[in-house]
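>>> Here's a sequence, model it:
(one chain, ligands or ions: 1)
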Amino acid sequence: MNTKTNNLSFVDLHTHCLPGMDDGAKDCNMSIQMLQTLKKQGVRKAFLTPHYYPQRESLSDFLQRRSDSYRVLSSFQGMADSPEAFLGAEIYLTQGLCEVDLRPLCLGDTKLLLLELPRQPYHPWILEELRNLTYALNIIPVLAHIERYQAYYHSRDFEELLSFEDLILQFNSGALQSHENCRFLYSLSEEGYPMLIGSDTHNMSTRMPSFDKALPVLTKKRRGRELFANIQETWANLGL
Ligand SMILES: [Fe+2]
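Take a look at the predicted model:
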């Protein structure tokens, strides 16, 4: 085994590569381009996490669409040069979500549920819902692109939200291009929160895979290397 390559490989927790599911890949050609680019950038496993909006679509309809899309993609030429792929979803958090059995949307065979918080100021129902989901469904909540909420939350909101210690925090690889985001993510990591990285890639133009740009930040700077060590430890703890 090539240890060096292995150390520098990634698990992409958050992608929109499933064709025709959402505002991500439009067709199989685009899906394959995105997946092959991820592979070239060192991604060994990719979770396919199309948006799921519980207020717009029943879970059974979503699961049917997801399995249809995956079946078409799986038979498409080029999948062999892609990272190992697993099904999942990015679930928009709404009040009362815990009343739906969302376990079929866990990432692969893990207990991880990738949750997108509303783009609005923090409200205590968010923490209550995360707690309810965790205990009702016996899942581990992963908060998608945590850096995005700097625009909506005060530091005391983050303190309240992150007081719930069962959370895992996912950030987008592209976020590492901003010093402000880096400082925010390094601080979270240094405070001991388990972190995971995802490309959140949607296409090959405006939101293309960007692990190539994240890698130097995660390997050359001390705080970046410490963040990468946190991510690698989280992968190991989760068996990813
Ligand atoms: Fe996303």
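
>>> any low-confidence regions in this structure?
Applying pLDDT under 70 to the chain flags the ranges 1-7.

>>> rerun that using 90 as the cut-off
1-8, 76-81, 165-166, 221 (pLDDT under 90).

>>> And the helices in it, which stretches?
Applying DSSP state H to the chain gives helices spanning 3-7, 28-40, 59-74, 124-137, 155-161, 179-190, 211-220, 222-238.

>>> Out of those helices, flag the one nearest residue 168.
helix 222-238 (6.6 Å; Cβ to Cβ). In this view, the C-beta of every residue, glycine as well, is placed from N, C-alpha and C.

>>> Near the ion, which residues of the chain are found?
Residues of the chain lying close to the ion by Cβ under 5 Å from the ion are 90, 200.

>>> same thing but at 8 Å, please
14-16, 24, 49, 51, 90, 116, 144-145, 198, 200, 202 (Cβ under 8 Å from the ion).

>>> residues near the nearest residue to residue 194 once chain neighbours are set aside, how many?
Nearest residue to residue 194 in three dimensions, chain neighbours excluded: residue 234, at 4.4 Å (Cβ to Cβ, 6 or more residues apart in numbering). If you count neighbours by other Cβ atoms under 10 Å, residue 234 ends up with 21.

>>> Correct me if wrong: residue 234 contacts residue 170.
No. Under the criterion of Cβ atoms under 8 Å, residue 234 is not in contact with residue 170, lying 9.8 Å apart.

>>> Pull up the overlap in contacts between the two.
195-196 (Cβ atoms under 8 Å, 6 or more residues apart in numbering).

>>> Now stretch 225-240: buried residues?
Buried residues in stretch 225-240, counted by 16 or more other Cβ atoms under 10 Å: 227-228, 230-232, 234-235, 238, 240.

>>> could I get the residues of the chain next to the ion as a markdown table with neighbour count?
Shown next, in a markdown table, are the residues of the chain next to the ion (neighbours: other Cβ atoms under 10 Å):
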| residue | neighbour count |
| --- | --- |
| 14 | 26 |
| 15 | 28 |
| 16 | 23 |
| 24 | 24 |
| 49 | 31 |
| 51 | 18 |
| 90 | 27 |
| 116 | 20 |
| 144 | 24 |
| 145 | 20 |
| 198 | 25 |
| 200 | 25 |
| 202 | 20 |
